[in-house]
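[1] My questions concern the predicted model and sequence given below.
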Amino acid sequence: MERVIGIDLGTTNSCVAIMEGDAPVVISNRGGYKTTPSMVAVTEAGKRLVGHIAKRQAITNSENTVYAAKRLIGRKWSSPQVKNSVMTSSYTIVEGPHGDVRIQLRDKTYSVPEVSSMVLQEMKVIAEDYLGEEVSKAVVTVPAYFNDNQRQATKDAGAIAGLEVIRIINEPTAASLAYGFGKSVDKTVAVYDLGGGTFDVSVLEIGAHGVFKVIATTGDTFLGGEDFDARVIDWLVQGFKDEHDIDLRQDRMALQRLRDAAEKAKCELSQVKSTEINLPFIISTGRNEALHLQRALTREVLEQLTEDLVERTIEICRQALADARLDVDEVEDVVLVGGMTRMPAVHRAVSDYFQREPNKGVHPDEVVALGAAIQGAALVEDRHEMILLDVTPHALGIMTFGSYFEELIPQNTTVPTSRTKIFTTSRDDQTAVKILVMQGESKQADENELLGEFILTGLRRAPKGHVEIEVTFEINTDGIVSVQAKDLDTLQEQSIQVTATSGLTQDELRDMIESAKDYMVERRVDEAFEEAKQEAETLVAEIERLFPQVEKIVATSDFGRDAIDKAKGVLKDTEAASRAKNATELKAQIEVLSRTLRMFKGVVSRTQ
Ligand code: AMP
């Protein structure tokens, strides 16, 4: 049976897992790390870098290094969140052709799903290297709070990476799946997930019979570790300004170094009480003088700088429990997810609020990918003993007269579900009505996300309010929304399946899939070449080491001199193949090199 990988596509880091027998395991990348930075860069030579290597060069190539693309995925150019990222990112974000968002890297612009696909492709390769076979199916997780467009954009990213995303599941649901897997628990659990860019909290009921029911989920897609880092950066920038009257924000390179140092200090302060931030030659003055930044940051100050952020997460927990209609003491366990939950102040605030120590059995960085792998295996093996009952993260409804949002399916309703409501016309002799399908919590329609629209025509002419239209919303298990409108007099009806959009057209998507495939072929060829080159270099070094010895022994015979000349020729040919980057030729040379080395070793051993 085909293996399905589970991918936690994080804002800051990503993680891939798979079921091995009866247990899910996280797969380490080539560097031995279990998580890979969700970073993508293009070098001056046009080479694409993903993960740790992208992160390592971020300081010197900040304009062409993308981080936190997840904050932009599936969003419209006009959204306030995008505006915010445009102002604060070190890379250039531009408007796409469909009101979507594109990222400029060197001389090319990339859609956000394309950038995310590069991270997914990396996770796919990590899994394939480990399994020794191709992988084409994945379960990918998203924050519970993602709307349909963000989910669709994530699916598109998977498609570009050559992965069929067989299910998108919510991160907290995945976490609870990993938490409850293999245990016979019957509990109400809260999952508190504070990652690099997003926060969400979910309340779930885990039944002893493998039922995972989400009761409530809520969050903020713009609250995460980066906001904590930003507070430290502000503090450093302000301090520097007070001392030198220079704004470090004006210098992209300095800003990137500050960002790195701020994150590092924040993480260190989870272990120690005080840390030193040291950035030599951070900027030069107008008089060509180099200035250094050196400051001590204590845990206490960090906690003061970020107190309100922590409090905001607790406020959202309060909201989630209110939505779930539960008192805090009815929550029987708390699962922590996301790197930020290692911060002592976060841990303390969660313990204080829930009046209990959070669960220690799950790893905050790995639990989501593990849950995705569990779900992936369950889907292909058709295992019915595990049932996920998810909820709609946002209310669904339509826009009514006066630009109001009329809700049909409330937030946190278990899916699949369907709801019907009757509306009336708002004008006399109105013969058509436009149905705008929206998602969100605001009473003002334009503050919510437009998912789709259609027109119901052929209405009976009548005074306003006299024509009744029945609108039905349906959401299936995959979260796909369909809407039907029916004129109750003429029984005329219209319906649409709301296909969320990632901002890409089908043609664009096809092109991106093709170029990702080409890239993969190129990459595999490059890797094959690098591997051959390394092997050849080892052989060459060994031959060169033995050369003087062998030359001395065999130089007295013609046959020997001939062998030496041949060996020199082999080394020359190898160098030429290596210079020409010809993997096939290099592999052929490896054969010859091995024979030569055997011969050399034979000569040496016979004379010893
Ligand atoms: P995630 O998205 O779950 O990978 O979380 C990444 C976020 O967790 C980033 O903002 C990191 O800076 C933060 N983080 C990772 N380790 C720690 C730590 N030891 N203490 C505080 N924050 C951390």
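    Ah, there it is.

[2] Just give me the neighbour total for the closest residue to the ligand within the chain.
    Residue nearest to the ligand within the chain (C-beta to the nearest ligand atom): residue 225, separated by 1.8 Å. Quick note: C-beta positions are derived from backbone N, CA and C, even for glycine. A count of nearby residues for residue 225, using other C-beta atoms under 10 Å, gives 24.

[3] just residue 207 next, same as before
    Neighbour count of residue 207, defined by other C-beta under 10 Å: 16.

[4] and the helix or strand where residue 537 lies, how far from the chain's centre?
    Residue 537 is part of helix 506-554 when elements are defined by DSSP states H and E. Taking the mean of its C-alpha atoms, helix 506-554 sits 30 Å from the chain's own mean (C-alpha atoms, centre = their mean, to the nearest Å).

[5] which outside residues touch the helix or strand just after that helix?
    Under the assignment DSSP H and E, the closest C-terminal helix or strand after helix 506-554 is helix 558-579. Outside helix 558-579, the residues within contact range by C-beta atoms under 8 Å, 6 or more residues apart in numbering are 533, 536, 540, 543-544, 547, 550-551, 553-555, 585-586, 588-589, 592-593, 596, 599-600.

[6] I'd like to know which elements the helix or strand just after helix 558-579 is packed against.
    Counting by DSSP H and E, the next helix or strand C-terminal to helix 558-579 is helix 583-606. Judged by 3 or more C-beta pairs under 8 Å, 6 or more residues apart in numbering; DSSP states H and E, helix 583-606 is in contact with helix 506-554, helix 558-579.

[7] would JSON lines of the ones you listed with distance to the ligand, mean neighbour count and mean pLDDT be doable?
    As requested, those are exported to JSON lines (distance: least, C-beta to the nearest ligand atom, whole Å; neighbours: other C-beta atoms under 10 Å; pLDDT from 0 to 100):
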{"stretch": "helix 506-554", "distance to the ligand": "24", "mean neighbour count": "14", "mean pLDDT": "88"}
{"stretch": "helix 558-579", "distance to the ligand": "39", "mean neighbour count": "15", "mean pLDDT": "89"}
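
[8] Format the ones you listed as CSV; extra columns: distance to residue 454.
    Output for these, formatted as CSV (distance: least, C-beta to C-beta, whole Å):
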stretch, distance to residue 454
helix 506-554, 19
helix 558-579, 61
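
[9] Tell me who's in contact with residue 254.
    With C-beta under 8 Å, 6+ apart, residue 254 has these contacts: 248, 279, 282-283.

[10] cool, residue 68 as well?
    With contact set as C-beta under 8 Å, 6+ apart, residue 68 has these partners: 11-12, 38, 85, 89, 196-197, 226.

[11] In helices, which of those appear?
    Among the contacts of residue 68, DSSP state H puts 85, 226 in helices.

[12] Of the contacts of residue 68 - the most surrounded one?
    Greatest neighbour count in the contacts of residue 68, by other C-beta under 10 Å, goes to residue 38: 31 neighbours.

[13] So it is in contact with residue 12, correct?
    Yes - under the criterion of C-beta atoms under 8 Å, residue 38 makes contact with residue 12 at 6.1 Å.

[14] shared neighbours of these two, anything?
    Common contacts of residue 38 and residue 12 (C-beta under 8 Å, 6+ apart): 67-68.

[15] Next to the ligand, which bits of the stretch 351-500 of the chain? Give me the list.
    residue 365 (C-beta under 6 Å from any ligand atom).

[16] after the helix or strand of the chain with the lowest mean pLDDT comes which helix or strand?
    For the chain, counting by mean pLDDT, DSSP states H and E, strand 387-389 ranks last in confidence among helices and strands (a mean of 71). Per DSSP H and E, the first helix or strand lying C-terminal to strand 387-389 is strand 396-400.

[17] Make sure I have this right: residue 270 is in a helix.
    No - counting by DSSP: H, G, I helix; E, B strand; the rest coil, residue 270 is not part of a helix but coil.

[18] so what's it closest to, chain neighbours aside?
    residue 342 (4.7 Å; C-beta to C-beta, 6 or more residues apart in numbering).

[19] what about residue 451, how many residues close to it?
    Other residues near residue 451 come to 23 when the count uses other C-beta under 10 Å.

[20] give me every residue that touches it.
    Neighbour list for residue 451: 147-149, 396, 437-439, 481, 498, 500 [criterion: C-beta under 8 Å, 6+ apart].

[21] Out of those residues, which one has the lowest pLDDT?
    Taking those together, the minimum pLDDT is found at residue 500 (64).

[22] residue boundaries of the strands in the stretch 51-200 of the chain?
    For the stretch 51-200 of the chain, the strands defined by DSSP state E, counting those that start in this stretch cover 65-66, 92-95, 101-105, 108-111, 137-142, 164-170, 187-194, 199-206.

[23] who does the second one pair up with?
    Going back to what we said before, that points to strand 92-95. Using DSSP bridges, strand 92-95 pairs in its sheet with strand 101-105 (antiparallel).

[24] now the strand it pairs with: how far from the chain's centre is it?
    In terms of C-alpha atoms, centre = their mean, the centre of strand 101-105 is set 17 Å apart from its chain centre.

[25] And for stretch 125-135?
    Put simply, stretch 125-135 sits 19 Å off its chain's centre (C-alpha atoms, centre = their mean).

[26] So for that stretch, mean pLDDT?
    Averaged over stretch 125-135, pLDDT sits at 95.

[27] ditto for stretch 282-294
    Per-residue scores along stretch 282-294 average to 86.

[28] How far does it stretch from one end to the other?
    Using C-alpha to C-alpha, to the nearest Å, the end-to-end distance of stretch 282-294 comes to 10 Å.

[29] Need the contact partners of that stretch.
    Here stretch 282-294 makes contact (C-beta under 8 Å, 6+ apart) with 236, 240, 244, 246, 248, 251, 254, 257-258, 276-281.
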